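Asker: requesting a structural model of the entry that follows:
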Amino acid sequence: MHNKPEIIIYTDGAASGNPGPGGYGVVLMSGKHRKEMSEGFRLTTNNRMELLAVIVALETLKVQGSKVKIYTDSKYVVDSVNNRWVFDWERKDFKKKKNPDLWKRFLKIYPKHHIQFIWIKGHANITENERCDVLAVEAYKKPNLLIDAEYENAGEGEGLF
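Answerer: From the prediction side, this is the model:
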């Protein structure tokens, strides 16, 4: 069995207005491979896009058990995982927590890899982070944006039924 190369992921999310049009940007790198992804939504929040960027990046990985380093400027994402808050929220069924749909999706993929989250300062001339920011902003400026249905249907702060 040969060692799998480490996967480096940079992610960023952005929203204009917050809530408003939003997007995410992802750069995945491993060895000589590099992939960029982005998507835009007509109405969402910055935190949803930060978290969705991480989820989409992890869902893209083809090999389970990969060693993954995720660099993000989102304290929301890094602190929620590194301080293990999200596991507490899960036990309490995300009562009064925002973005339960995305956190549940994250928790499905999180155990499949060996993931380390590293917080980096945003807009600090870190090349790949800057690239993710550009991708995220370009994504939400496109026409025919996707609908963040969970966000739009839930109405922030209201129940789902």
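Asker: surely residue 38 touches residue 22?
Answerer: No. If you go by C-beta atoms under 8 Å, residue 38 and residue 22 don't touch, sitting 11.1 Å apart. Yep, even glycine has a C-beta here, placed from its N, CA and C like the rest.
Asker: what is in contact with these two at once?
Answerer: Listed as contacting both residue 38 and residue 22 by C-beta atoms under 8 Å, 6 or more residues apart in numbering are residue 136.
Asker: ok, these two, which is more surrounded?
Answerer: A side-by-side neighbour count of residue 38 and residue 22, using other C-beta atoms under 10 Å, places residue 22 first with 31 against 22.
Asker: residue contacts, that one?
Answerer: Residue 22 neighbours (C-beta under 8 Å, 6+ apart): 13-16, 40-41, 43-46, 48-49, 136, 140, 148.
Asker: between the residues you listed, which sits nearest residue 102?
Answerer: residue 48 (6.2 Å; C-beta to C-beta).
Asker: host element of the closest one?
Answerer: helix 46-60 (DSSP states H and E).
Asker: C-alpha coordinates for that helix, PDB please?
Answerer: C-alpha atoms of helix 46-60 as PDB (Å, rounded to 0.1, in the frame of the first residue of the first chain):
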ATOM      1  CA  ASN A  46     -21.600  34.500   4.000                       C
ATOM      2  CA  ASN A  47     -21.400  31.700   6.600                       C
ATOM      3  CA  ARG A  48     -23.500  29.300   4.500                       C
ATOM      4  CA  MET A  49     -21.200  29.900   1.600                       C
ATOM      5  CA  GLU A  50     -18.000  29.400   3.800                       C
ATOM      6  CA  LEU A  51     -19.400  26.100   5.000                       C
ATOM      7  CA  LEU A  52     -20.800  25.000   1.600                       C
ATOM      8  CA  ALA A  53     -17.300  25.500   0.100                       C
ATOM      9  CA  VAL A  54     -15.800  23.100   2.600                       C
ATOM     10  CA  ILE A  55     -18.600  20.500   2.000                       C
ATOM     11  CA  VAL A  56     -18.400  20.600  -1.800                       C
ATOM     12  CA  ALA A  57     -14.600  20.300  -1.600                       C
ATOM     13  CA  LEU A  58     -14.800  17.200   0.700                       C
ATOM     14  CA  GLU A  59     -17.600  15.700  -1.400                       C
ATOM     15  CA  THR A  60     -15.400  16.000  -4.500                       C
END
